[in-house]
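Asker: Turn this into a model:
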Amino acid sequence: MEYNPEFLSQCFLHTLSPQPEPRRAAESKLTELADHPNYALAVLRLVAEPSINEQIRHAAAVNFKNHLRSRWAPSPDSSFTPILDAEKDQIKILIVTLMLSSTPLVQSQLSESLSLIGKHDFPKSWPTLLPELVSNLRAASQSNDYASINGILGTANSIFKKFRYQYKTNDLLLDLKYCLDNFSAPLLEMFLRTAALIDSMVSSGGGSPVTLKPLFESQRLCCRIFFSLNFQELPEFFEDHMKEWMAEFKKYLTTGYPVLESSAEGLGVVDELRAAVCENISLYMEKNEEEFKDYLNDFAQAVWTLLGNVSQSSSRDSLAVTAIKFLTTVSTSVHHTLFAVDGVIPQICQSIVIPNVKLRDEDEELFEMNYIEFIRRDMEGSDIDTRRRIACELLKGIATNYKQQVISIVSVQIQNLLTSYAANPAAQWKDKDCAIYLVVSLSAKKAGGTSVSTDLVDVQSFFASVIVPELQSQDVNAFPMLKAGALKFFTMFRNQIPKTLVLQLFPYLIQFLGAESNVVHSYAASCIEKLLLVKDEGGRSRYTSADVAPNLLVLMNNLFTALRFPESEENQYIMKSIMRVLGVAEITPEIAGPCIAGLTSILAEVCKNPKNPIFNHYLFESVAVLVRRACERDISLIPSFEASLFPRLQEILGNDVTEFLPYAFQLLAQLVELNRPPISDTYMEIFKLLLSPDSWNRNSNVPALVRLLQAFLEKAPEKVTQEGRLAQVLGIFNRLVSAPSTDEQGFYVLNSVIEKLEYGAIAPYVGHIWNALFSRLQSKRTVKFIKSLLVFMSLFLVKHGSANLVDSMNAVQAGIFLAILEQFLIPNLKLITGCIEVKLVSVASIRLICESPSLLDAGAVRHWGKMLDSIVTLLSRPEEDRVGDEPEMPDIAENAGYTAAFVNLYNAGKKEEDPLKEIKDPKEFLAASLVKLSALSPGKFPQIINENLDPANQAILLQICSTYNCPIV
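Answerer: Down below sits the predicted model:
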């Protein structure tokens, strides 16, 4: 197809329009054209046309990149038309030259596009790329064209990133060898040439920021390529030329460049190069320690000195963090003796750790302006790349080999900081914050639990003297960062604080929920939530409903009030605390009323624009736990809950609030299960909606809809069998069981039908059920499906008898029962897992061999023996011995439909019921059933057992029968 450049140009111009109509029309047209052959080539040629306005060319370049991303190598289930090979070849011929001749804005897009192609095709399907890049690099180098040089290096950096962090395979190493053979020498040439150019300019005083910046950017890119090419192992070329590389690396760490460093932008350029150098020497320290050892002392000294000169400005954070990481790596290596020299550890603590741990203006700004990010870094551990955290990691690294020295030095530092604070609390509050941060950050988590410990201070003494005064402060809004630090300490060391002291402090914690600072009231909520999870030995909860009761009303009031603070309207820490308190406290009507009103009011707001999935999840969990625990105590509360919840749930269903539909169905299931028959008309209207095929179109809703359908089958079985509803329910089963992604849910529906309905109601449909199952068994059987089928057959048998099971199967096809038994039941019985499932399947199988005429027939002796063999294996072998790795792994694409969107509500969960409560021990049931059966035909069964059971299983069976004094005769 021919594309008119003028028309394409107009389309891209209109995509930039602020008016929605022309913009949407242009986007729609481009989407249509994208399905035609040679579209990408036409757009690339438009990008290359110098006469076209640059804004249009940039828009076209972005479109080209996105087109390649979706169509160069689309996934098998993608709806996009792939780019044809002939068009791909043309693009690969043109793109390098076009990228190098483009303006910077367009060049960056084409470089990304080239990297996208390289990800799939390089090097095997694009052998000309690297020689072309090297050729262009050398040509640009001769003319000192650093715009082109940096374009080429940027592209090389992108395509070589695949060698970082990937698992070492033969294919990866072959690709790496090809890149090393072709690019190692040109890379070193370019690096040394640029280094000489920088030295020449700096020494002659002729360099200006404009000329030096691209040279430093070039060196940074060379360093990033060095990192990629050296990541897997030390290449021979780099080992042979280590001296040249290391000499330049050291120079960039020890030399000042005042022409550039006099401006913030120029300093950033130099720091980026130094940070890249620090990453490279850290890599060598980790992976090539032996080869690197001769350079280590010089680099350690260089990095140390550099850190002493790096200011606290946030613009220098990246350099500070990578430099400290290098020293941390050294501290845990065999060369840790560098830190053993007298005075080194105190100097590190004084000049590197304390300055980097102290709060900066940027930290205060983050605390006030972006509390979510502050908490993410401070409380949730995503601060690994911050100065505060990495400085503490350095101390931890040194403590690996010099623990006592670190403890004594840091303990003194902590005392000095606290003394400084005590002298002038208002002015020196940051010193106290620093002391608390050091104790918290240098604490160690005990293995296998949530407890933390520290050797720096006595926790209880420190808590009483340093933390409690902050918690008992009359003004919850004074020095909020200090309050947050105290609350974080309380949360971290909650297991070590005596219960009596915690209960005394509980009212103060509740007061902090009223603090104006988002961080402070979030930390207070989190502290309360975590305290309620504390377990004593034996797994008993330390804090019970009786401990919460005296403060419960004010606690719940303050939690809901805290959600009214600006920016905390959807505060997940507060909502999680509400959920946890409702899970522990005794829910009286006085508590239930305000809580359900508060939660449904919040639900009404978030329904308008769901945007915080974590908050929303805890909101629905809070509703579910409130309903469950309140109704456990007082069933008469159900009507008031329904009155509050129904308008919100109907709003979710009526407005199709996609994100909330699975939650709504789970809450409705919970309410149905709590109701006493008869079920009201309101629920029956929902039941009608449930039976509509359209409700089942979204896989994300399926588990919740199944849960709701099971609730109706349990509470209103007589309604299910009226007005043709059972046929509709079985239609849903048929739909679900036919697809591997939902077949398990289909069995949940079917099992509920079999368990809850009389056989007379089911009988007309049993043939259709078997047909659906046998059809799926033929077309796409999986281990998961076979296991589900065995559980279903077992449930059928224990609920409706072995005769109905065998006869209904054989009615579909003569003799099919024994065929299914031989091919699927006997060999797969051992794969059943789960206490209730193992009991159900074993008891059903025992009843089958002891009651069913088809298995007691003389022609079925071998089937009987093999079935018993499988039963003994199931009951006697540990699960790990019986169940190997499943041969097939579920297709991610199949499951992505609902697993990504469906989130189970723990507090609205369905209780697993045992359909055989009367049978306590299946082994005893086996022995009793066999002795009863053998008494009818003495001498018959010992011979069958001897001929068909594995010798080990014969011995186990004998032991079982002996244990229960039930000999087989």
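
Asker: Okay, and the beta partners of Ser541?
Answerer: Lys535 (DSSP bridges).

Asker: Next, the distance between the ends of stretch 663-683.
Answerer: One end of stretch 663-683 sits 16 Å from the other (C-alpha to C-alpha, to the nearest Å).

Asker: go on, stretch 668-682?
Answerer: End to end - C-alpha to C-alpha - stretch 668-682 spans 11 Å.

Asker: what's the answer for stretch 821-831, then?
Answerer: 15 Å.

Asker: Check which residues of that stretch are buried.
Answerer: Buried residues in stretch 821-831, defined by neighbour count with 16 or more other C-beta atoms under 10 Å: Leu821, Phe824, Leu825, Ile826, Asn828, Leu829, Lys830, Leu831. Heads up, the C-betas are built off the backbone N, CA and C, glycines and all.

Asker: Name the nearest of those residues relative to Val625.
Answerer: Leu831 (35.3 Å; C-beta to C-beta).

Asker: do you know how far that closest one is from Leu757?
Answerer: Between Leu831 and Leu757 the distance, using C-beta to C-beta, to the nearest Å, works out to 28 Å.

Asker: Next up, the contacts around Asn477.
Answerer: Asn477 makes contacts with Ala515, Glu516, Ser517, as judged by C-beta atoms under 8 Å, 6 or more residues apart in numbering.

Asker: which SS class is it?
Answerer: coil (DSSP: H, G, I helix; E, B strand; the rest coil).

Asker: Then Leu417?
Answerer: Per three-state DSSP, Leu417 ends up helix.

Asker: Repeat that for Leu359.
Answerer: Going by three-state DSSP: Leu359 is coil.

Asker: who touches it in this structure?
Answerer: Lys430, Asp433, Cys434, Met481.

Asker: could you redo the last one with a cut-off of 6 Å?
Answerer: Applying C-beta atoms under 6 Å, 6 or more residues apart in numbering to Leu359 gives the contacts Lys430, Asp433.

Asker: C-terminal to the least confident helix or strand in the chain by mean pLDDT, what's the next element?
Answerer: Each helix and strand of the chain was given a mean pLDDT (mean pLDDT, DSSP states H and E); the minimum falls on helix 892-899 at a mean of 30. Once the chain leaves helix 892-899, the next helix or strand it forms, by DSSP states H and E, is helix 922-936.

Asker: What mean pLDDT does stretch 352-363 get?
Answerer: Average pLDDT, stretch 352-363: 91.

Asker: what about that stretch, how long is it end to end?
Answerer: Span of stretch 352-363 from end to end, C-alpha to C-alpha: 18 Å.

Asker: Relative to the whole chain's centre, how far out is it?
Answerer: 31 Å (C-alpha atoms, centre = their mean, to the nearest Å).

Asker: List the buried residues of that stretch.
Answerer: Neighbour-count burial for stretch 352-363 flags Ile352, Val353, Ile354, Pro355, Asn356, Val357, Lys358, Leu359, Arg360, Asp363 (criterion: 16+ other C-beta under 10 Å).

Asker: now do stretch 568-576
Answerer: In stretch 568-576, counting by 16+ other C-beta under 10 Å, buried: Ser568, Glu570, Asn571, Gln572, Tyr573, Ile574, Met575, Lys576.

Asker: Could you do stretch 929-947 as well?
Answerer: Ser929, Leu930, Val931, Leu933, Ser934, Lys940, Phe941, Ile945.

Asker: of these, closest to Ala139?
Answerer: For the buried residues of stretch 929-947, the residue nearest Ala139 by C-beta to C-beta is Ile945; the value is 85.6 Å.

Asker: just to revisit the earlier point, any quick ChimeraX command for the buried ones out of the contacts of Asn477?
Answerer: Paste this into ChimeraX to select the buried members of the contacts of Asn477, with burial taken from 16+ other C-beta under 10 Å:
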select :515,517
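
Asker: now the contacts of Asn477 in JSON lines, with secondary structure?
Answerer: Below are the contacts of Asn477 laid out as JSON lines (three-state DSSP):
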{"residue": "Ala515", "secondary structure": "coil"}
{"residue": "Glu516", "secondary structure": "coil"}
{"residue": "Ser517", "secondary structure": "coil"}
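
Asker: Export the buried residues of stretch 929-947 as CSV, with columns for pLDDT and distance to Gln90.
Answerer: CSV is the format used below for the buried residues of stretch 929-947 (pLDDT from 0 to 100; distance: C-beta to C-beta, whole Å):
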residue, pLDDT, distance to Gln90
Ser929, 92, 76
Leu930, 92, 77
Val931, 89, 82
Leu933, 90, 78
Ser934, 89, 81
Lys940, 86, 81
Phe941, 89, 78
Ile945, 90, 75
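
Asker: now, the most widely separated pair of those?
Answerer: Ser929 and Lys940 (15.0 Å).

Asker: Just the strands from the stretch 301-450 of the chain, written as ranges.
Answerer: Read by DSSP state E, counting those that start in this stretch, the stretch 301-450 of the chain holds these strands, from start to end of the chain: 444-445.

Asker: Where does pLDDT dip in it?
Answerer: 381-384, 446-450 (pLDDT under 70).

Asker: Report the backbone C-alpha coordinates of whichever helix or strand Arg57 is part of in CSV.
Answerer: Secondary structure from DSSP H and E places Arg57 in helix 54-71. The C-alpha trace of helix 54-71 is given here as CSV (Å, rounded to 0.1, in the frame of the first residue of the first chain):
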residue,chain,number,x,y,z
GLU,A,54,10.2,18.8,13.8
GLN,A,55,7.2,18.5,16.1
ILE,A,56,5.5,16.3,13.5
ARG,A,57,8.6,14.2,13.0
HIS,A,58,8.9,13.7,16.7
ALA,A,59,5.3,12.6,17.0
ALA,A,60,5.9,10.2,14.1
ALA,A,61,9.0,8.9,15.8
VAL,A,62,7.1,8.2,19.0
ASN,A,63,4.3,6.4,16.9
PHE,A,64,7.0,4.4,15.1
LYS,A,65,8.6,3.3,18.3
ASN,A,66,5.2,2.2,19.8
HIS,A,67,4.3,0.5,16.5
LEU,A,68,7.5,-1.6,16.7
ARG,A,69,6.9,-2.4,20.4
SER,A,70,3.5,-4.0,19.7
ARG,A,71,4.1,-5.5,16.2
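
Asker: Determine how far that helix lies from the middle of the whole chain.
Answerer: Distance of helix 54-71 from its chain centroid, counting by C-alpha atoms, centre = their mean, is 31 Å.
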